[in-house]
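Participant: based on what follows, work out the 3D shape:
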Amino acid sequence: MTSTPEASAKAKSSVRPAMAALILAVLLAALDQTIVSTALPRIAEDLGGFRDIAWITASYLLASTAATPLWGKLGDMLGRKPLYLVATAAFLVASALCGLAQDLPQLVAARALQGVAGGGMIVLTFALVGDIVEPAERGRYQGRFGSVYGVASIAGPLLGGLFTDQLSWRWAFLINVPVGLVAVMIAARTLPAAVRKSGARIDYLGALVLAGAATTLVLITSFGERWGWTSPGILALAVAAIVLIALVIPVERRAKAPVLPLSMLTSRTVVIASLIGFIANVAMFAVLVYLPTWLQLVEGVSATLSGVHMLPLVIGLVVSQSLAGRWVANPACLRGILVTGMALNIAGLLLLSTLAPGTAQIALVAYFLVTGVAVGMVPMVALTAAQNAVPAANIGAASAVVTFARSIGAAFGVAVFGRLLGEDVAHNIGSAFLWITPVVVLGTVLAMLLPKHPQATV
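Facilitator: So this is what the prediction gives:
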């Protein structure tokens, strides 16, 4: 049945408030990955935890990554709307607990709860877009969420510093509560009703194995530099990661309702999209985390001005996300967008590899603009490709797989780039960007292997 223009306009108007609530929630979850960075010294001073300060960030990332596959599967089984509301409510409670923490163990525990909830908010948001938007339109809407990550990466540290200097570091967490309540109220009224599968079962063993694998991988990437890459602890974690990853297929093959359907691993599009998401986030987070560091330590600008210098990158990211989202409405363009995006990532990294003290301002603007366009074109298009390649019943699982791969890529990119950078930021940043370029070349090759005319399944 062909919809009338009036019906189409009505459908779009009903999507807008739901999308506004989802974007607001993702902004909160994304900000909480970056907002504490500039507040960490003050937090450690107040709570007396300089030795274990890294756990404030690591506990959020660990919990978020480990919980992602389970949230995606539960959304497919039990309906995404109620789980989304539960995740968002838990995130707000955890945010309040973070703001009220009296010692470091309390803060780390609250950050872990916040990470579990934040992971659910993000993966369920991406899956909900698959529910409320037609396949041809998913890329356009998903692109808006990608722009949120770029804005959060710059705004997070700035807001964290502002709250810490003018109010208290506690407001970096407490601000989530009033903003999040608005998002919950809008989402409760506008999101589609949940559809629950009858006789649904939860694959507890599969969820435990995947969570264990995610935890070991994030611990390795987060603490490899601090503990020593060849230390007994890191080597033990590496062995555990290999064992747990090897267990995934036999465990999920025997499960009646696997948290990771093996069809995800046999889908060429889902596997390639996940690998591309991993590689794109390696480059993206290396750029977003360490370029402001270089600006502050080498160019001598303040934290606030480093954000201003990064504006060309954010502008490029937002524009490319928007354009890629529109182009992907034509499935035949999907592979071309990803190949172009990965190729631009290579160009951006090569430009950044020429950074040196005193690089001309006009050159920095050009380098950052190209890099922003590059990092903005890939992540959400890869997610859309995976969603369009699976039945509607598996959209949550597909979203979780790609989101999981991207989370590991982010942790891996930050850890490896930090290792390459070392203590001599001024002299090593160019070579560090050069070293990760071959990884992005691999991503370009993978993009070329995607089906030329992917079939959207609804």
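Participant: use CA for all of it now, contacts and neighbours both
Facilitator: OK.
Participant: care to break this structure down by domain?
Facilitator: Residue ranges for the domains of the chain, per automatic domain parsing: 14-197, 204-255, 260-458.
Participant: mean pLDDT for those domains: which is lowest?
Facilitator: Mean pLDDT per stretch puts domain 14-197 lowest among the domains of the chain, at a mean of 76.
Participant: for that domain, the distance to its chain's centre please.
Facilitator: 11 Å (C-alpha atoms, centre = their mean, to the nearest Å).
Participant: heads up, I number from 48, so please use that
Facilitator: In the new numbering, first residue 48, that becomes domain 61-244.
Participant: okay, the domains of the chain in a markdown table with mean neighbour count next?
Facilitator: Listed next are the domains of the chain as a markdown table, based on neighbours: other C-alpha atoms under 10 Å:
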| stretch | mean neighbour count |
| --- | --- |
| domain 61-244 | 22 |
| domain 251-302 | 18 |
| domain 307-505 | 21 |
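Participant: next, give phi and psi for the closest residue to Ser478 other than its chain neighbours.
Facilitator: Leaving aside its sequence neighbours, Ser478 sits nearest to Ser400 (C-alpha to C-alpha, 6 or more residues apart in numbering; 6.0 Å). Ser400 adopts backbone torsions of phi -70, psi -10, taken as degrees, to the nearest 10.
Participant: pull the contacting residues for Ser400.
Facilitator: Residues near Ser400 by C-alpha atoms under 8 Å, 6 or more residues apart in numbering: 476-481.
Participant: okay, helices next: where are they in the stretch 248-397 of the chain?
Facilitator: Ranges of helices within the stretch 248-397 of the chain are 251-274, 279-301, 309-313, 315-344, 350-356, 358-374, 381-399, based on DSSP state H, counting those that start in this stretch.
Participant: so for Val461, which of those helices sits nearest?
Facilitator: For the helices of the stretch 248-397 of the chain, proximity to Val461 was assessed by C-alpha to C-alpha; helix 315-344 is nearest, at 5.4 Å.
Participant: give me the distance between the residue nearest to Ser478 and Thr484.
Facilitator: To Thr484, Ser400 is 9 Å away according to C-alpha to C-alpha, to the nearest Å.
Participant: Leu171 reaches Leu117, doesn't it?
Facilitator: No: here Leu171 does not reach Leu117: they are 10.6 Å apart, not a contact under C-alpha atoms under 8 Å.
Participant: can you tell me the element Ala136 falls in?
Facilitator: With secondary structure defined by DSSP states H and E, Ala136 is part of helix 127-147.
Participant: which elements pack onto that helix?
Facilitator: Under the contact definition 3 or more C-alpha pairs under 8 Å, 6 or more residues apart in numbering; DSSP states H and E, helix 127-147 sits against helix 101-125, helix 151-179, helix 218-221, helix 223-237.
Participant: against which helices or strands is the second one packed?
Facilitator: This points to helix 151-179. Contacts defined by 3+ C-alpha pairs under 8 Å, 6+ apart place helix 151-179 against helix 52-78, helix 101-125, helix 127-147, helix 182-213, helix 442-468.
Participant: can we see that at 6 Å?
Facilitator: Counting contacts by 3 or more C-alpha pairs under 6 Å, 6 or more residues apart in numbering; DSSP states H and E, helix 151-179 packs against helix 101-125, helix 127-147, helix 442-468.
Participant: please apply the same query to the first one.
Facilitator: Counting contacts by 3+ C-alpha pairs under 6 Å, 6+ apart, helix 101-125 packs against helix 151-179, helix 251-274, helix 442-468.
Participant: also the last one?
Facilitator: Taking 3+ C-alpha pairs under 6 Å, 6+ apart as contact, the helices and strands that helix 223-237 lies on are helix 52-78.
Participant: pull the CA atoms of the helix or strand that the helix it packs on is followed by into CSV?
Facilitator: Next along the chain after helix 52-78, taking DSSP H and E as the criterion, comes helix 87-94. The C-alpha trace of helix 87-94 is given here as CSV (Å, rounded to 0.1, in the frame of the first residue of the first chain):
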residue,chain,number,x,y,z
LEU,A,87,40.0,13.7,37.5
PRO,A,88,42.8,15.7,39.3
ARG,A,89,40.2,17.4,41.5
ILE,A,90,38.3,14.2,42.2
ALA,A,91,41.5,12.5,43.2
GLU,A,92,42.4,15.4,45.5
ASP,A,93,39.0,15.4,47.2
LEU,A,94,38.6,11.6,47.5
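Participant: angle of helix 87-94 against helix 101-125?
Facilitator: Per axes from the mean of the first three to the mean of the last three C-alpha atoms, to 10 degrees, the angle that helix 87-94 makes with helix 101-125 is 100 degrees.
Participant: could you grab the helix/strand/coil label for Ala403?
Facilitator: Three-state call for Ala403 (DSSP: H, G, I helix; E, B strand; the rest coil): coil.
Participant: phi, psi of it?
Facilitator: Backbone torsions of Ala403, given as degrees, to the nearest 10, read phi -150, psi 160.
Participant: host element of the residue nearest to it when sequence neighbours are not counted?
Facilitator: Excluding its sequence neighbours, the residue lying closest to Ala403 (C-alpha to C-alpha, 6+ apart) is Ala473, at 6.6 Å. Assigned by DSSP H and E, Ala473 falls within helix 472-495.
Participant: between that helix and helix 381-399, how big is the angle?
Facilitator: 160 degrees.
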